[in-house]
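Engineer: Structure of the sequence below:
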Amino acid sequence: MFDLTAIQFMPNISRMLAASTDNMEGLDVPSSQTQADKPVKPRIWLGVKKGLQAAKDAIENKDLTLAEELLREVIEFAPAEPETWHILAAILNRQGQREEAKVCLRRVIKLKETNIELQTDLPVSKRMAKLLWAQDEQAAALAMLAQLLLDASDDRELLALQQTWTATS
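Structural biologist: Modelled structure (predicted):
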């Protein structure tokens, strides 16, 4: 049995969904009974931040079906993001899909136990910077570009990107 008090619900989401852990007994359901094993193919990848925000907006508009779909898209590309799993668990619980909600909560607990955090010394690349920029993660893209320029200050493509990106941000 997991200690569900370790999970802190996000105030707005939990309030909106009124999700409770009362229905979450018996967290030992096999994960083979869930839809979580089925990959979601997103229409357009929004990025983690925008995807989460779009899901929260859908919840605000009481469109739980759209919120679930958006969260599954985020999970497809960022499965180590505990907030996404947590919100999805609350939605599934609200929709009566208790078994799958339990699986999502187990994932939240596991992610919080492993405490996965991004490190600042991750490898940087021009391709990754461009991807971050395309996903509207301008600050991260500019930071990565600055890191690349430290190593190759005369790279014309990097300098052109920096000029273009700083002009548009």
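Engineer: which regions of this structure sit below the pLDDT cut-off?
Structural biologist: 1-46, 115-124, 169 (pLDDT under 70).
Engineer: Spell out the residue ranges of the helices in it.
Structural biologist: Secondary structure of the chain (DSSP state H): helices at 11-17, 48-60, 64-77, 82-94, 98-114, 126-134, 138-151, 156-168.
Engineer: Could you check stretch 88-96 and say which residues are buried?
Structural biologist: Residues of stretch 88-96 classed as buried by neighbour count (16 or more other C-beta atoms under 10 Å): 88-94. No exception for glycine: its C-beta is placed from N, CA and C like everyone else's.
Engineer: Which stretch among the helices of the chain is buried most, on average?
Structural biologist: Comparing the helices of the chain by mean neighbour count (mean count of other C-beta atoms under 10 Å), helix 82-94 ranks first with a mean of 24.
Engineer: could you dump the buried residues of stretch 88-96 to CSV with distance to Arg127?
Structural biologist: What follows is those, written out as CSV (distance: C-beta to C-beta, whole Å):
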residue, distance to Arg127
Leu88, 30
Ala89, 34
Ala90, 35
Ile91, 34
Leu92, 35
Asn93, 39
Arg94, 39
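Engineer: Name the nearest of these relative to Asp57.
Structural biologist: Ile91 (13.5 Å; C-beta to C-beta).
Engineer: I'd assumed Leu66 was in contact with that closest one.
Structural biologist: No: using C-beta atoms under 8 Å as the test, Ile91 is too far from Leu66 to be in contact (10.3 Å).
Engineer: Pull the contacting residues for the spatially closest residue to Gln135 that is not a sequence neighbour.
Structural biologist: Leaving aside its sequence neighbours, Gln135 sits nearest to Gly47 (C-beta to C-beta, 6 or more residues apart in numbering; 3.3 Å). Neighbour list for Gly47: 135-137 [criterion: C-beta atoms under 8 Å, 6 or more residues apart in numbering].
Engineer: what about Asn93, distance to Glu69?
Structural biologist: If you measure Asn93 against Glu69 using C-beta to C-beta, to the nearest Å, the figure is 17 Å.
Engineer: Touching stretch 161-169 from outside, list them.
Structural biologist: For stretch 161-169, contacts defined as C-beta under 8 Å, 6+ apart pick out 126, 129-130, 133, 138, 141-142, 145-146, 149.
Engineer: Could you export those to JSON lines, including columns for distance to Gln162?
Structural biologist: Formatted as JSON lines, the contacts of stretch 161-169 follow (distance: C-beta to C-beta, whole Å):
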{"residue": "Lys126", "distance to Gln162": "11"}
{"residue": "Ala129", "distance to Gln162": "10"}
{"residue": "Lys130", "distance to Gln162": "12"}
{"residue": "Trp133", "distance to Gln162": "11"}
{"residue": "Gln138", "distance to Gln162": "12"}
{"residue": "Ala141", "distance to Gln162": "10"}
{"residue": "Leu142", "distance to Gln162": "8"}
{"residue": "Leu145", "distance to Gln162": "6"}
{"residue": "Ala146", "distance to Gln162": "8"}
{"residue": "Leu149", "distance to Gln162": "7"}
